[in-house]
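S.K.: Give me the fold of what follows.
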Amino acid sequence: MPAKLGCRLFIRGDYEGLGKGNWLETQRLLFDGTRMYLLAPAALPEQLTAWSQGFADGDWQELNAGDDTENLPTGFRLFRFRNPPSAPAWLPNANQPVQKNLLLTSGLTINPTTYFRPFPPTVRVEGGTTDEQVEAVLDDGRQRIPLFQDPEAPSLFHFPDDFPDEGAFRLHRKDESLEGKALLRFTSQLSGELAENFPGWNQFGKRIEPGQLAAVSGLESQGTDFNFQHANRHFFFPGNDLGQRHPPHVAQSETTPGDDLLHFLSTKPEWSVEAFTEAFGRVSEIAGINFERMTRRKRYALLDWDALGYLEYEPERKRIYLNQTQLVPVRTVRGCRAMLVGRRSPELLLKISELMPNYSLLQLSIERGDEANDPLVPGSVFIQSDFSAGKAQLEALAGQLAIPFRASELPQFGLLDASATVSDYWQTVRSSTPCENAAYWPEFAHPFHKDSLKFNPGSFDSTSALIEYKLQTWQREVRHWLDGVPYPADRNWGRYAVAASFRKLVKVHSLEREEFLPVIIENGPNLAIPLFMPLPRFFARALTLMSGKLPRLAGFRTPEWPQVKFYRVYQGAATPMITNFLRNKLGQTSSLAVK
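M.R.: Numbers count the residues shown, from 1 in each chain. Here you go, the predicted model:
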């Protein structure tokens, strides 16, 4: 091994399917022209000096200060080389492989033989030489397309940009037969149907058990009478027209990594959370995006995408399900406006763009959020009109695309109507089986405090307390203690149940009455929710889909909370009906914000 001489051998990351900016330690010497690095002691061992003298001119180079030598350990020298003259005895694993193989690395795989077209794999010739040639033979055998060789790593081959988007092919080296080669293919097409086991949710946003009736499936609430929403329809279809017409089509911006990730996920109806996080990491790496605390960022991305209606996230089974493509009305000040949610593809967006000139009152736009903080959130696709007559054109366009657009059934209010209440939560907690093991975890207890709205370590009153037990960094358990007995609890619902019990006496016209201590504040047409009080699932989705944009962070003060607190600000969510749902379902009145 190299370590016998105090040396360490490295190879470029994309040789093993990672990014070019990464270098991996290896014990295998490559003879195919691939550039490698050797980290050696400052006083070179005699055997290494003799071996280095056998390289051709330009194939062995010591790197000086500034040449990839940042963070070089003290007492070491760094060498870059290729085409080694031999496999030295002090590298026992350096022998060249006898059998040549084609290996596929990196890329985004939909299944073992199908790749997402915008992110093709890299082909590696294992055991090859610098003279290898690799080509793709289309399934009909009539066309052979050569792959181009990486100039810095001759064992790596890349697909040309004009490679066909669809169709099957086989890969082979020019000096070998096609016999036995796997049939591969590229695609970026939408999956045709919803997942066979597409989930239904109960009123708490949890998957229903067999035999139970779903309160919500996707964005559709079951059994909701939408007549109650008419008093608030003017927020979505205000009937105000603009005096002048805008261009019928707003040019699309370039595809972002977030768009690519959504298009990739849309090729299948169902994925594991593991596959999502792997694709999230791969797209981030290819785009050169580095997140601090990547694991947490991936989890937040799932919650964000669920709130935006692109997918259904089931944390208990670690699965995600892509929603049906549909148009959802969102709040506007004039005409009408709808957001495209669920699955989508570049082909679908192109088709919409091509149809737009046929609808003179409509505009197409893709709006980006805060890409500095959320670079992997897809752009929100809106179709809108500045005229009330545009609603009929929007319905006609949806019909031509075969995309649901139920303007008479606003899903935001259906989700809120289907949601549970704080009273339902208390009833569920008290009817559940106690969790006696919580009594043995006092040192891990973090009670929920009304002053900070956070879980902080400390003692608590077991007659009534919401406790988060931080057993491990990755293992958290939440219990609601009632009358000295710990019950299983939902973290988000539990917080609002406790907050609803914060009451105070106020005077109204010299009469005293009891009111809830508000934690939700109004900021013009927006609603601000404390950062440490995430909404229950259906509320989070309903408020997000009022505007079709993720909430932004802001700091406010209120008379009840004189110190500045940070909030998630949901745009366009302050309407009388939502205020009523917050009061009746979550026990929350709202307060006015003070900057």
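S.K.: And Gly211, how far from Lys298?
M.R.: Applying C-beta to C-beta, to the nearest Å, the value for Gly211 to Lys298 is 34 Å. For every residue, glycine as well, the C-beta is placed using N, CA and C.
S.K.: Name the residue in the two with the higher neighbour count.
M.R.: Between Gly211 and Lys298, counting by other C-beta atoms under 10 Å, Lys298 is the more crowded of the two (19 against 5).
S.K.: wait, the more buried one sits on Arg282?
M.R.: No: applying C-beta atoms under 8 Å as the test, Lys298 and Arg282 come out as separate, 11.7 Å apart.
S.K.: Please enumerate the helices of the stretch 201-350 of the chain.
M.R.: 257-265, 273-287, 294-307, 346-355 (DSSP state H, counting those that start in this stretch).
S.K.: by how many degrees do the second one and helix 294-307 diverge?
M.R.: Spelled out, it's helix 273-287. Angle, helix 273-287 to helix 294-307, by axes from the mean of the first three to the mean of the last three C-alpha atoms, to 10 degrees: 110 degrees.
S.K.: Check the first one too.
M.R.: An angle of 70 degrees separates the directions of helix 257-265 and helix 294-307 when computed by the same axes, to 10 degrees.
S.K.: What is the neighbour count of Arg296?
M.R.: Arg296 has 10 nearby residues by other C-beta under 10 Å.
S.K.: what sits against it?
M.R.: Taking C-beta atoms under 8 Å, 6 or more residues apart in numbering, we find Arg296 in contact with no residue.
S.K.: Give me the neighbour count for the closest residue to Thr295 other than its chain neighbours.
M.R.: Distances taken as C-beta to C-beta, 6 or more residues apart in numbering put Thr277 closest to Thr295, at 7.9 Å, once the chain neighbours are dropped. Neighbourhood size, Thr277 [other C-beta under 10 Å]: 19.
S.K.: What's the separation between Thr277 and Gln475?
M.R.: Taking C-beta to C-beta, one finds Thr277 at 18 Å from Gln475.
S.K.: So which helix or strand of this protein has the lowest pLDDT on average?
M.R.: strand 503-508 (a mean of 47; mean pLDDT, DSSP states H and E).
S.K.: Show me the shaky parts of the stretch 451-595 of the chain.
M.R.: Along the stretch 451-595 of the chain, segments meeting pLDDT under 70 span 503-519, 558-562, 590-595.
S.K.: what pLDDT does the most centrally placed residue in the chain get?
M.R.: Computing the C-alpha centroid of the chain and ranking residues by C-alpha atoms, centre = their mean puts Ala301 first, at 3.6 Å. At Ala301, the model reports a pLDDT of 90.
S.K.: That one and Val377 touch, don't they?
M.R.: Yes: judged on C-beta under 8 Å, Ala301 makes contact with Val377 at a distance of 7.5 Å.
S.K.: how many other residues sit next to Val377?
M.R.: Neighbour tally, Val377, other C-beta under 10 Å: 24.
S.K.: what does Arg28 give?
M.R.: Count around Arg28 with other C-beta under 10 Å applied: 15.
S.K.: Equivalent analysis for Lys585, please.
M.R.: Other residues near Lys585 come to 23 when the count uses other C-beta under 10 Å.
S.K.: ok so it is a helix residue?
M.R.: Yes: counting by DSSP: H, G, I helix; E, B strand; the rest coil, Lys585 falls inside a helix.
S.K.: What sits closest to it if chain neighbours are left out?
M.R.: Distances taken as C-beta to C-beta, 6+ apart place Thr421 nearest to Lys585, at 4.8 Å, with adjacent residues excluded.
S.K.: What separation is there between that neighbour and Phe226?
M.R.: Look at Thr421 and Phe226: by C-beta to C-beta, they are 20 Å apart.
S.K.: Many thanks, have a good one.
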